[in-house]
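J.: Sequence plus the predicted model coming up.
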Amino acid sequence: MSKEIIFSKEAPAPIGPYSQAVKSGNTLYVSGQIPLDADTGELINENITEETHAVMKNLEAVLRAAGYGFEHVVKCSIFIKDMGQFATINEAYGQYFKSNPPARETVEVARLPKDVNVEISCIAVK
């Protein structure tokens, strides 16, 4: 089994003992991204729409570092603090998957890293 660690300076560095992504064969496993600005380390938390776009941009940076794009994503996991924000998150998220969206689950959780409102991970295959 091959295992390649993927890192992008355009996405926030991990805040724990994990990699931004791991590529095994033609499958890429991207760790959950939160709305952190990679340059400043500051949270982007003006509103849930901006938070979701920041998360998606961080995912995109990690995907791109491995030579993948959103068109390769087959599965996403979305963790949110408030299911009442589902429709707004879904609207922002959907802008990145115009056709053939991936499989997905959305789960409400009690707390996320740095007390953010949304975290998203994905799996991509080439």
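T.: The structure has been received and is ready for your questions. These numbers come from a predicted model, not from an experiment. Numbers count the residues shown, from 1 in each chain.

J.: which residues of this structure score low on pLDDT?
T.: Within the chain, not a single segment meets pLDDT under 70.

J.: where do the strands sit along it?
T.: Taking DSSP state E to define them, one finds strands in the chain at 4-6, 21-24, 27-33, 73-80, 103-108, 118-125.

J.: And the first one, what's buried?
T.: Using 16 or more other C-beta atoms under 10 Å as the test for burial, strand 4-6 gives Ile6. Just so you know, the C-beta spots here come from the backbone N, C-alpha and C atoms, and that holds for glycine as well.

J.: mind listing what that strand pairs with, with the direction of each?
T.: strand 21-24 (antiparallel) (DSSP bridges).

J.: now the third one
T.: For strand 27-33, sheet partners with direction are given as strand 21-24 (antiparallel), strand 118-125 (antiparallel), following DSSP bridges.

J.: Distance check, Lys57 against Ile44.
T.: 9 Å (C-beta to C-beta, to the nearest Å).

J.: ok and the top helix by length along the chain relative to strand 118-125, angle-wise?
T.: The residue-count maximum for a helix in the chain (DSSP state H) belongs to helix 48-65. With axes from the mean of the first three to the mean of the last three C-alpha atoms, to 10 degrees applied, the angle from helix 48-65 to strand 118-125 works out at 30 degrees.

J.: what comes up buried for helix 48-65?
T.: By neighbour count on 16+ other C-beta under 10 Å, the buried set for helix 48-65 is 48, 51-63, 65.

J.: and which of these is nearest Ala21?
T.: Val62 (5.0 Å; C-beta to C-beta).

J.: ok, residues contacting stretch 29-42?
T.: 6, 8-14, 18-23, 43-45, 50-52, 54-55, 58-59, 61-63, 77, 79, 112-114, 116, 118-124 (C-beta atoms under 8 Å, 6 or more residues apart in numbering).

J.: buried subset of the residues you listed?
T.: 6, 8, 11-12, 19-23, 43-45, 51-52, 54-55, 58-59, 61-63, 79, 116, 118-124.
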